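> sequence? don't have it. structure:
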């Protein structure tokens with residue numbers, strides 16, 4: 001699977017290493033070393049995935065990711081020297097689809113890129129998934145709630161699509177990870193973060209969710225809400 005990938009990394013040696021490995025995997029690669037340049041490339045060239053360093057000059061990686069999520073669903077793989085759980089969850093919370101800490105194996109980065117790129121084609125030609133006021137369109141990669149478009153990251157969309165495919169089924173976190181293409185480097189905390197963000201977007205009140213419901217001790221399910229009540 002060949003894709004256009006943007007590598008936004010201020011360390012020129014690191015950027016060259018990543019570029020070389022991605023090109024060996026048959027991808028087309030554009031490299032920039034500044035956050036504002038990264039936004040320009042995404043706007044002008046429409047890459048399918050961005051490898052995004054957290055500590056970019058001009059505009060930091062977190063700010064770049066926020067700007068991308070304002071009007072794009074491009075896949076984002078974040079790179080950082082930070083390794084605390086809070087940093088990881090913060091990166092995922094603002095829309096990054098995956099997160100790698102430095103130093104990392106270039107081969108592992110390539111493997112993660114492959115996994116991320118598999119997420120979208122896996123749902124092509126699927127029918128609309130309707131759950132109460134929520135409509136998931138796997139072909140257009142869109143979610144609407146009561147007719148209004150809701151912006152979701154690819155990770156959030158993938159999770160919602162799995163839940164919507166079997167309404168009222170309770171999924172464990174491990175089952176959700178497996179259905180999201182077996183991304184073994186993701187954790188159950190990743191699922192919880194996506195759920196928290198989705199509730200803000202699809203629920204009337206995220207503190208008392210009607211649709212994306214926790215089944216305590218087991219996992220999560222998606223319901224039509226009051227329409228499911230007897």
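Nice, I can see it. This structure is a prediction, so every number in the text was calculated from the model and none was measured.

> longest helix in the protein, by residue count?
Longest helix in the chain, counting residues (DSSP state H): helix 188-202.

> give me the residues contacting that one.
Contacting residues not belonging to helix 188-202 are listed as 85, 89, 92-93, 134, 143, 145, 150-153, 155-156, 159-160, 173-174, 176-177, 206, 209, 211-212, 214, 220 [C-beta atoms under 8 Å, 6 or more residues apart in numbering]. Glycine gets a C-beta too; all of them are placed from N, C-alpha and C.

> list only buried entries from the residues you listed.
Buried members of the contacts of helix 188-202, scored by 16 or more other C-beta atoms under 10 Å, are 89, 92, 134, 143, 145, 150, 152-153, 155-156, 159-160, 173, 176-177, 209, 211-212, 220.

> can you show me the helices along the chain?
Using DSSP H, helices in the chain cover 12-24, 35-45, 61-71, 85-93, 106-118, 154-165, 173-179, 188-202.

> the ones you listed: which one's closest to residue 130?
Distance to residue 130, taken as C-beta to C-beta, is lowest for helix 154-165 among the helices of the chain, at 7.9 Å.

> check the offset of the closest one from the chain's centre.
10 Å (C-alpha atoms, centre = their mean, to the nearest Å).

> now the angle between helix 188-202 and it, please.
Here helix 154-165 runs at 80 degrees with respect to helix 188-202, directions being taken by axes from the mean of the first three to the mean of the last three C-alpha atoms, to 10 degrees.

> so helix 154-165 versus helix 106-118, what angle?
Between helix 154-165 and helix 106-118, the angle comes out at 50 degrees (the same axes, to 10 degrees).

> for helix 154-165, which helices and strands make contact with it?
Counting contacts by 3 or more C-beta pairs under 8 Å, 6 or more residues apart in numbering; DSSP states H and E, helix 154-165 is packed against strand 129-131, strand 134-137, helix 173-179, helix 188-202, strand 219-222.

> which segments of this protein make up each domain?
Domain ranges of the chain: 4-119, 129-222, per the TED database.

> adding mean pLDDT, write these out as CSV.
Formatted as CSV, the domains of the chain follow (pLDDT from 0 to 100):
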stretch, mean pLDDT
domain 4-119, 86
domain 129-222, 89
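
> I'd say residue 32 and residue 10 touch.
No: using C-beta atoms under 8 Å, residue 32 is not in contact with residue 10, being 9.2 Å away.

> of those two, which one has the most company?
Using other C-beta atoms under 10 Å, the more surrounded residue of residue 32 and residue 10 is residue 32, with 21 against 16.
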